[in-house]
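J.: dropping a prediction and its sequence here:
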Amino acid sequence: MEENKTNTIEESFEALEEIITKLESPDVTLDESFALYKSGMEELQSANAKIEQTKKAVMAIAKDGGLEVFEEEE
């Protein structure tokens, strides 16, 4: 995974799937597991930030364009 590249949300989810697959491998060492976990958490935080940015953009469009505000499901 490249440090300077900004992934799309979809690319972040693909990277997370790869990390999970590697973590499930019986051949992964404890050190590798920690590194993969850290990488996965960073990817997850990045994806969450992009999702929040998208929600805010949708809400801004709604205010400016008279569309309905994006409703968060809980």
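T.: Looks like it came in fine. Residues are numbered from 1 along each chain as shown.
J.: which of the helices or strands spans Glu14?
T.: Using DSSP states H and E, Glu14 sits in helix 9-23.
J.: which helices and strands does that helix pack with?
T.: helix 30-65 (3 or more CB pairs under 8 Å, 6 or more residues apart in numbering; DSSP states H and E). Placement of C-beta: from N, CA and C, glycine included.
J.: for the helix it packs on, buried residues please.
T.: Applying a neighbour-count criterion of 16 or more other CB atoms under 10 Å, one finds Leu36, Ser39, Gly40, Glu43, Ser46, Ala47 buried in helix 30-65.
J.: related to what we said a few turns ago, which residues are contacting the helix holding Glu14?
T.: Residues outside helix 9-23 that contact it (CB atoms under 8 Å, 6 or more residues apart in numbering) are 1, 7, 28, 32-33, 36-37, 39-40, 43-44, 46-47, 50-51, 54.
J.: so where's this structure uncertain?
T.: Applying pLDDT under 70 to the chain flags the ranges 1-5, 61-74.
J.: just give me the residue closest to the centre of it.
T.: For the chain, Ala47 is the residue whose C-alpha lies nearest the centre (CA atoms, centre = their mean; 2.1 Å).
J.: and it, how close does it get to Ala35?
T.: 19 Å (CB to CB, to the nearest Å).
J.: also Ile19?
T.: Distance from Ile19 to Ala35, by CB to CB: 10 Å.
J.: circling back to that earlier point, okay, the angle between the helix holding Glu14 and helix 30-65?
T.: Angle, helix 9-23 to helix 30-65, by axes from the mean of the first three to the mean of the last three CA atoms, to 10 degrees: 160 degrees.
J.: just use 808 as the starting number from now, easier for me
T.: Sure, I'll start counting at 808 from here, so that last one is helix 816-830.
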